[in-house]
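Peer 1: whatever this is, show me its structure:
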Amino acid sequence: MQAIDPLGLSRLLYLLAGTALLTLPAGCRHGHQHPNDGSGGEGAQGGGAGAGLTPAGGNGAATGGQVSPTGGGSSGGADPGGQAGTQSAGRAGALGSSGEAGSGAGAPQGEAGNQGMAGHAGSPQPCPPCGDGYTRAGDTDCACVDVDDCATDNGGCDAHAECTNTEGSRTCSCQDGWQGDGVTCEDLDECATDHAGCGDHATCSNTEGFFLCTCDDGWVGDGVTCEDLDECATDHGGCDPNADCTNTMGSHTCACLDGWQGDGVTCEDVDECATNHGGCSDHATCTNTEGSFRCSCDDGWQGDGVTCEDVDECATDHGDCDPNADCTNTMGSHTCTCLDGYEGDGSACEDIDECATDAAECGEHADCTNTSGSYTCACGTGWSGDGHVCEDVDECATSNGGCSTHADCSNTEGSRLCQCREGYEGDGVDCENIDECQRHTDDCHEHASCTDTEGS
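Peer 2: Next up, the predicted model:
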């Protein structure tokens, strides 16, 4: 704010005041002692023209001359309290009939002073107005003092400006974070220039009169310096327990482990067996487990589950078949079959008594004998053959059928008959001579002598 030149204004006011006084009637020009003057009486035409220069370049106020014995006014001295650019009115001259107006005395280098106003008899002269930025020191003091423009409404500066009072004026300066002439301040967008010094991995946020540097997600620091945050070091980076957490610059990745599927944050077990039998052999069982699976060869097969070969069960412990059973290996298994003459499931076999059933095929004249797991057929006595077919044996054809030499052998089916001949007795196998004489079975005459003979 530029101050108005007080010198020009005060000169104008003095000229106007002087002109008014000179035109007053003679009776009106006699005045009383000026309240600021220590000397007494009225003057007829008190006043003087200021001719001196003040050190500050302003007009010194001419003071009214003192009463001389002849009524003439002495030269007035420069007002030591005059401010730059203002002029005090000359004090009223002392009482005299025709006193001369005193002339103003000026300090070196000051501008020429205006003619002092003639004292108005009987009334004080008004103080000239102070310039912009100044005010009266008091009600009866014409001295002007600086006004603190900043004390009221921040001196007209913007709410975001600092007001600094100066002599007769003030300055307005926008605060940090604001730009303008101080009277009007606008927010300064620090982020628009060099990212406001924020780090490469930070976000610059402009605010009114300020800005913030905030490290981006995945980075830590004060915003000016940001370092990579190892998310995996805390709570496994939020990844699923069945996932690998891999730290990256400014971020991280979650990847489900083998045997698990999902986005890494959530992982679910993969049922490998549901696809292509988990790669297990056709002769294996696929068992799903958490995060994996297992291939196990089926019974009767051996291998790692991916490759399975047939097991020859009969090669070990007869396949657990009964000793009286046949063990037959099959692909992936085996069979146990009881041997002929035994019955059971093959794992346990019992002998069959073929002779007790119609299973035996012995001949009619043969004897059936049960054996372990079988039977035998043997032709009965008097018969010959393999037991399945039996023919009668003619025992008499051989050694008289075992009959006594004194007997007749008669062949029968399956046997023979021995019969002692006449004159002999016995079972036919053994025949003894009969003593007919002794038994009186002879047919001799009663007067004849009887002599026994063999067989007669």
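Peer 1: distance from the chain centre to stretch 223-232, please.
Peer 2: How far stretch 223-232 lies from its chain's middle: 16 Å, per Cα atoms, centre = their mean, to the nearest Å.
Peer 1: my bad, should have said stretch 337-350
Peer 2: Taking mean C-alpha positions (Cα atoms, centre = their mean), stretch 337-350 and its chain are 69 Å apart.
Peer 1: what's in contact with that stretch?
Peer 2: 320-326, 328, 335-336, 351-352, 354, 371-375 (Cβ atoms under 8 Å, 6 or more residues apart in numbering). Bear in mind the C-beta positions are built from the backbone N, C-alpha and C, glycine included.
Peer 1: and with 10 Å instead?
Peer 2: 319-328, 334-336, 351-354, 359, 370-375 (Cβ atoms under 10 Å, 6 or more residues apart in numbering).
Peer 1: out of those residues, which are buried?
Peer 2: When the contacts of stretch 337-350 are checked for burial by 16 or more other Cβ atoms under 10 Å, the buried set is 319, 321-322, 324-327, 334, 336, 351-352, 354, 370, 373, 375.
Peer 1: bridged to the nearest residue to Asp282 once chain neighbours are set aside, which residues?
Peer 2: Sequence neighbours aside, Cys308 is the residue nearest to Asp282 in space, at 7.9 Å (criterion: Cβ to Cβ, 6 or more residues apart in numbering). Taking DSSP bridges as the rule, Cys308 bridges to Gly303.
Peer 1: now do the same contact list for Cys308.
Peer 2: Going by Cβ under 10 Å, 6+ apart, Cys308 touches 280-284, 295-298, 300-302, 332.
Peer 1: and the contacts of stretch 440-452?
Peer 2: Gly423, Asn433, Ile434, Asp435, Glu436, Cys437, Gln438, Arg439, Ser456.
Peer 1: would you mind measuring from Ser449 to Cys368?
Peer 2: Separation of Ser449 from Cys368 (Cβ to Cβ, to the nearest Å) stands at 63 Å.
Peer 1: how about Cys362?
Peer 2: Cys362 is 4 Å from Cys368, by Cβ to Cβ.
Peer 1: compare neighbour counts for those two and give me the winner.
Peer 2: Neighbours around Cys362 and Cys368, counted as other Cβ atoms under 10 Å, are more numerous at Cys362. The numbers are 22 against 18.
Peer 1: what sits against that one?
Peer 2: Listed by Cβ under 10 Å, 6+ apart, the contact set of Cys362 reads 354-355, 368-369, 375-380, 386-390.
Peer 1: repeat that for Thr225.
Peer 2: So Thr225 contacts Cys198, Gly199, Asp200, His201, Ala202, Cys213, Cys215, Trp219 (Cβ under 10 Å, 6+ apart).
Peer 1: switch the cut-off to 6 Å
Peer 2: Neighbour list for Thr225: Gly199 [criterion: Cβ atoms under 6 Å, 6 or more residues apart in numbering].
Peer 1: could you pull out the helices in this structure for me?
Peer 2: For the chain, helices defined by DSSP state H occupy the ranges 6-22, 436-439.
Peer 1: looking at these, which has the lowest confidence?
Peer 2: Ranked by mean pLDDT, these bottom out at helix 6-22, with a mean of 40.
Peer 1: what's the nearest residue to Asp148 if we skip its chain neighbours?
Peer 2: Counting by Cβ to Cβ, 6+ apart, the residue nearest Asp148 is Asn165, at 4.9 Å.
Peer 1: need the contact list for the one you found.
Peer 2: With contacts defined as Cβ under 6 Å, 6+ apart, the neighbours of Asn165 are Asp148, Asp149, Cys150.
Peer 1: in ChimeraX, select just the buried ones from those residues.
Peer 2: With 16+ other Cβ under 10 Å as the criterion, this ChimeraX line picks the buried residues out of the contacts of Asn165:
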select :149,150
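Peer 1: still on that earlier bit, let's have the contacts of stretch 440-452 in CSV, adding neighbour count and distance to Gly177.
Peer 2: Converted to CSV, the contacts of stretch 440-452 look like this (neighbours: other Cβ atoms under 10 Å; distance: Cβ to Cβ, whole Å):
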residue, neighbour count, distance to Gly177
Gly423, 16, 171
Asn433, 16, 170
Ile434, 19, 170
Asp435, 13, 174
Glu436, 17, 176
Cys437, 14, 179
Gln438, 10, 176
Arg439, 9, 174
Ser456, 11, 175
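Peer 1: number of nearby residues for Gln261?
Peer 2: Quick note: Gln261 (other Cβ under 10 Å) scores 15 neighbours.
Peer 1: going forward, the N-terminal residue is numbered 103.
Peer 2: Will do, 103 is the new start, and the previous item becomes Gln363.
Peer 1: the closest residue to it other than its chain neighbours: neighbouring residues, count only.
Peer 2: Nearest non-adjacent residue to Gln363, counting by Cβ to Cβ, 6+ apart: Val372, 4.9 Å away. Using other Cβ under 10 Å, Val372 has 21 other residues around it.
Peer 1: among the contacts of stretch 439-452, which ones are in strands?
Peer 2: In strands, defined here by DSSP state E, the members of these are Ala427, Asp428, Cys429, Thr430, His436, Thr437, Cys438, Asp453, Asn472, Thr473, Ser476, Tyr477.
Peer 1: what's near enough to touch Gly516?
Peer 2: By Cβ under 6 Å, 6+ apart, the neighbours of Gly516 are His467, Gly484, Trp485, Asp494.
Peer 1: show me those that map onto strands.
Peer 2: Under the assignment DSSP E, these contribute Trp485, Asp494 to strands.
Peer 1: most surrounded residue in the contacts of Gly516?
Peer 2: Neighbour max across the contacts of Gly516 (other Cβ under 10 Å) = Trp485, 21 neighbours.
Peer 1: can you give me the distance of that one to Thr473?
Peer 2: Counting by Cβ to Cβ - Trp485 and Thr473 are separated by 21 Å.
Peer 1: Ala376 now?
Peer 2: 59 Å.
Peer 1: same question, Ser275
Peer 2: Remark: distance between Ser275 and Thr473 (Cβ to Cβ) = 133 Å.
Peer 1: repeat for Asp442
Peer 2: 12 Å.
Peer 1: now Asp283
Peer 2: 135 Å.
Peer 1: likewise Gly366?
Peer 2: In terms of Cβ to Cβ, Gly366 sits 77 Å off from Thr473.
Peer 1: what of Arg523?
Peer 2: Computed with Cβ to Cβ, the distance linking Arg523 and Thr473 is 45 Å.
Peer 1: burial of the residue nearest to Thr355 when sequence neighbours are not counted, as a residue count?
Peer 2: Nearest residue to Thr355 in three dimensions, chain neighbours excluded: Thr348, at 4.8 Å (Cβ to Cβ, 6+ apart). Neighbour count of Thr348, defined by other Cβ under 10 Å: 15.
Peer 1: what does the one 5 residues further on give?
Peer 2: The tally of other residues near Ser353 (other Cβ under 10 Å) stands at 15.
Peer 1: which residue, other than its chain neighbours, is closest to it?
Peer 2: With Cβ to Cβ, 6+ apart, the residue lying closest to Ser353 is Gly320, at 4.6 Å.
Peer 1: thought that neighbour was touching Leu331?
Peer 2: Yes - using Cβ atoms under 6 Å, Gly320 is in contact with Leu331, at 5.4 Å.
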